[in-house]
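Undergrad: quick one, structure for this:
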Amino acid sequence: METTPPQVAIVLATGNRDKVREIRPMLEGISPVLKVWSLADLGLSPDIEETEPTLEGNAQLKAAEVFRLIEQRFDWFIALADDTGLEVDALGGAPGVRSARFAPVPEGAAPSYEQNVSHLLQSMTVTTSRSARFRTVIAMIGRLPLPDGGLMPVDETVDGRIEGLITNERRGAGGFGYDPVFMPEGSSRTFAEMGIEEKNAISHRGRAVGAAVGRIRELMTRCSLLKTPNAVRP
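TA: Reported below is the predicted structural model:
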């Protein structure tokens, strides 16, 4: 007689509703035994200071802290955290790991999307070089059940990136962050001029989440939570 597979939770370790809106649909189709939760769904709002000097470090820091907060609430789960940076060649790779905190603001305050974009455009007024890239690193920390009754620790990172150009002015009303001024390679439109599905198909975050989905499928297959690995989107 077949037993019901254990329920597995994926908890998105971010309080950014825009990120949740983009990431959640790409994870929800992995398996019926998997449920995606946001921190808001769980009534959590941790203030996790991003103190690491790299995207990898910050993603791991956030995933580890959320692991600590939820490890008593779920038997089997993965805390999934991302950190994303915009790297502009003319600015020596800035804003990079400080992309969310690029614009100068009073101490203790956080700059808005609008302030960060304005500061970026102002910083590039004297250069004709507009090349840049977005890079997302995703950290996954958790535990999954093995068929023999043991557990499989999960602790790994994946990433995704896309090359492009910084436009001279804002274009489009969609997206968030630097989307209105980032035009991906091979396109004549900014991310803010694309729908969410079109953006996810090519974006840095979409590629990183696609890699995460592939790894989660492989891990769940190894744990007999999936019968066969499904195709992984590039």
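
Undergrad: now the closest residue in space to Thr167 that isn't next to it in sequence: how far from Ser99?
TA: Distances taken as Cβ to Cβ, 6 or more residues apart in numbering put Val181 closest to Thr167, at 5.0 Å, once the chain neighbours are dropped. All C-beta atoms are positioned from the backbone trio N, CA, C, and that covers glycine. Val181 is 12 Å from Ser99, where distance means Cβ to Cβ, to the nearest Å.

Undergrad: Thr84 too?
TA: Using Cβ to Cβ, Thr84 is found at 7 Å from Ser99.

Undergrad: what helix or strand does the spatially most central residue of the chain sit in?
TA: The residue lying closest to the centre of the chain (Cα atoms, centre = their mean) is Asp82, at 3.8 Å. With elements taken from DSSP states H and E, the one containing Asp82 is strand 77-88.

Undergrad: swap in Ala212?
TA: Taking DSSP H and E as the criterion, Ala212 maps to helix 204-222.

Undergrad: that helix packs against which elements?
TA: If contacts are counted by 3 or more Cβ pairs under 8 Å, 6 or more residues apart in numbering; DSSP states H and E, helix 204-222 sits against helix 17-27, strand 77-88, strand 131-145, strand 151-166, helix 196-202.

Undergrad: what's in contact with it?
TA: 8, 10, 19, 22-23, 26-27, 30-31, 34, 78, 80, 82, 84, 133-138, 140, 144, 152, 154, 156, 158-162, 199-200, 226-230, 232-234 (Cβ atoms under 8 Å, 6 or more residues apart in numbering).

Undergrad: Val181 and Ser99: who's more crowded?
TA: Between Val181 and Ser99, counted using other Cβ atoms under 10 Å, Val181 has the larger neighbour count: 27 against 21.

Undergrad: got a list of what the more buried one touches?
TA: When contacts are counted by Cβ under 8 Å, 6+ apart, Val181 touches Val117, Leu120, Leu121, Ile166, Thr167, Glu169, Arg170, Arg171, Thr190.

Undergrad: which among these end up buried?
TA: With burial judged by 16 or more other Cβ atoms under 10 Å, the buried subset of the contacts of Val181 is Val117, Leu120, Leu121, Ile166, Thr167, Arg170, Arg171, Thr190.

Undergrad: any idea how far Glu218 is from the fifth one?
TA: Separation of Thr167 from Glu218 (Cβ to Cβ): 38 Å.

Undergrad: what about the closest residue to Ser131 other than its chain neighbours, neighbour count?
TA: Computed as Cβ to Cβ, 6+ apart, the closest residue to Ser131 that is not its neighbour in sequence is Asp89, at 4.7 Å. Asp89: 14 surrounding residues under other Cβ under 10 Å.

Undergrad: correct me, but Asp89 touches Thr127?
TA: No - here Asp89 lies out of contact with Thr127, judged by Cβ atoms under 8 Å, at a distance of 9.2 Å.

Undergrad: could you list the low-pLDDT ranges of the protein?
TA: 1-5, 227-234 (pLDDT under 70).
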